[in-house]
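Participant: A predicted structure for the sequence below; I have some questions about it.
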Amino acid sequence: MDGGGTSSMKSDYENWGDTPDDPQYCVTEVPDNEYDEETNTDPNYAEILNLLDSLFRVIEELHFNIQQAYRVVRIPQSTSLLTGHMWIHWVLTSPNPNTCYERFRMYPSTFMKLCSTLKNNGYLGNSRYVKIIEKVAAFLLIVCQVHSQRSVADRLQRSTHTISTYVGQDCIGAIDGTHIMACVTNHDTVPFINRKKPPTQNVMCVTDFDLYFTFVCSGWEGSTVHDSRIFTSTISDPVMRFPTPVEGFYYLVDYGYACSKGFLPPYRNEQYHMQNFHGSGAQLRRKKELFNHRHSSLRSVVERTFGIWKNRFKILENMPPYEIPA
């Protein structure tokens, strides 16, 4: 900077009345020992520090104890010495071939041929922990012996999640409708009154096998709209964003829905509901009856989900007067 600039800057300071030599520009230095803990003369200072230190230690110990109290201890369940693979090997190599037939409804040679066919055609294969023979055995035990997934999981020493993954994995859920009480104006009451008298709305729901709702369509009149109409309108309307199953997967539906790609209803004119299969005289004599029995057993997941939902939210059974746009 040249001299003219310096002179100009100095004159500006003089005009303002504030120059770098003015006392207000002087910084008062604070002695280093003014805030030194050792020079603090408060007699309670050290005691307060000790109390705070003790308090922090108590809080830390309490936090640790709470974590220990609520820690989830995982206890292994499948601890049998006879693993699933060992049990299947025993069944297939038994001196009596009926041992295999009574459990899998096929002889050992047929069982192994089935496994080879599935593997060679790319339909099934070994995974990291589960061999193909265990996957096929789990499927046959459920289909041929009417075993539950829990009993098969116990027999093969696997988790229920593993069994459900390899049995019925193409079925991704179930669809059904249920009636929920609705409060509407007197002018719009008639379309909402169903056979059970109080006004209701027909709600179509999709659930998975973990008892979760994956899709809900509500607001339809309870008396004048059939389940099939709600279903057709919902899946054809892109605004609804219905989770259409991809190729190779499907939903279970009841008689009220048409049989179409991705949606599997039961056989008509055959026994279907689970109570029809109970009793000493109830036997599955035909293939269609067996199919309907399996179908009803799996599709009951949506009824269980409805039951949990309505039991948890009592407002659904006694709806306050909230209006629904008609």
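Facilitator: Structure received.
Participant: the helices in the stretch 51-200 of the chain, which residues?
Facilitator: 84-92, 98-104, 108-120, 132-145, 149-156, 160-166 (DSSP state H, counting those that start in this stretch).
Participant: secondary structure element for Ser297?
Facilitator: Taking DSSP states H and E as the definition, Ser297 sits inside helix 287-312.
Participant: straight-line length of stretch 208-226, end to end?
Facilitator: End-to-end distance of stretch 208-226 (C-alpha to C-alpha, to the nearest Å): 23 Å.
Participant: swap in stretch 150-163?
Facilitator: 8 Å.
Participant: quick one: contacts of it?
Facilitator: 77-78, 80, 82-84, 87-88, 130, 134, 137-138, 141-142, 147, 149, 167 (C-beta atoms under 8 Å, 6 or more residues apart in numbering). Any C-beta I mention is one placed from the backbone N, CA and C, and that applies to glycine too.
Participant: can we see that at 10 Å?
Facilitator: Stretch 150-163 is touched from outside by 77-88, 103, 127, 129-130, 134-135, 137-142, 145, 147-149, 164-167, 210, with contacts defined as C-beta atoms under 10 Å, 6 or more residues apart in numbering.
Participant: can you give the distance of it from its chain's centre?
Facilitator: Taking C-alpha atoms, centre = their mean, to the nearest Å, the mean C-alpha location of stretch 150-163 is offset from the chain mean by 19 Å.
Participant: quick check: mean pLDDT across it?
Facilitator: Averaging pLDDT along stretch 150-163 yields 84.
Participant: what of stretch 113-127?
Facilitator: Averaging pLDDT residue by residue across stretch 113-127 gives 89.
Participant: now what about that stretch, what contacts it?
Facilitator: By C-beta under 10 Å, 6+ apart, stretch 113-127 touches 104, 106-107, 131-137, 139-140, 162, 165-166.
Participant: start to end distance for that stretch?
Facilitator: 19 Å.
Participant: for Thr178, which of the helices of the stretch 51-200 of the chain is the nearest?
Facilitator: Closest of the helices of the stretch 51-200 of the chain to Thr178 is helix 160-166, at 24.4 Å (criterion: C-beta to C-beta).
Participant: and the strands in this protein, which stretches?
Facilitator: According to DSSP state E, the chain carries its strands in the segments 171-181, 200-207, 213-221, 250-252, 263-264.
Participant: and the third one, what's buried?
Facilitator: Looking back up the chat, that one is strand 213-221. Buried residues in strand 213-221, defined by neighbour count with 16 or more other C-beta atoms under 10 Å: Phe215, Cys217, Trp220, Glu221.
Participant: so what's the third one bridging to?
Facilitator: Spelled out, that is Trp220. Beta-bridge partners recorded for Trp220 (DSSP bridges): Asn202.
Participant: how far away is it from His295?
Facilitator: Using C-beta to C-beta, to the nearest Å, Trp220 is found at 25 Å from His295.
Participant: ditto for Phe249
Facilitator: For Phe249 relative to His295 (C-beta to C-beta), the value is 16 Å.
Participant: any buried residues in stretch 94-111, and which?
Facilitator: Thr99, Cys100, Tyr101, Arg103, Phe104, Met106, Pro108, Phe111.
Participant: nearest to Ala69, out of those residues: which one, please.
Facilitator: Arg103 (45.5 Å).
Participant: quick check: closest non-adjacent residue to the closest one.
Facilitator: Nearest residue to Arg103, sequence neighbours excluded (C-beta to C-beta, 6 or more residues apart in numbering): Val91, at 5.7 Å.
Participant: so what's the residue count around the one you found?
Facilitator: By other C-beta atoms under 10 Å, 17 other residues sit near Val91.
Participant: check contacts around it.
Facilitator: By C-beta under 10 Å, 6+ apart, the neighbours of Val91 are Thr99, Cys100, Tyr101, Glu102, Arg103, Phe104, Pro108, Phe111, Ala137.
Participant: in the stretch 101-250 of the chain, what spans have low per-residue confidence?
Facilitator: 146, 166-169, 185-191, 193-197, 223-225 (pLDDT under 70).
Participant: mind running it again at 80?
Facilitator: 143, 145-149, 160-170, 182-198, 221-226, 248 (pLDDT under 80).
Participant: can you give me the buried ones in stretch 240-259?
Facilitator: Buried residues in stretch 240-259 (16+ other C-beta under 10 Å): Phe242, Pro245, Tyr250, Tyr251, Leu252, Val253, Asp254, Tyr257.
Participant: could you find the closest non-adjacent residue to the second one?
Facilitator: Of all residues not flanking Pro245 in the chain, Gly262 sits nearest, at 4.2 Å (C-beta to C-beta, 6+ apart).
Participant: can you read off the pLDDT for that neighbour?
Facilitator: 89.
Participant: the one 4 residues further on too?
Facilitator: Per-residue confidence for Pro266 comes out at a pLDDT of 88.
Participant: about what we covered before: drop anything exposed from the contacts of stretch 113-127.
Facilitator: Looks like these have Phe104, Met106, Ile132, Ile133, Glu134, Lys135, Val136, Ala137, Phe139, Leu140, Thr162, Tyr166 buried, using 16+ other C-beta under 10 Å.
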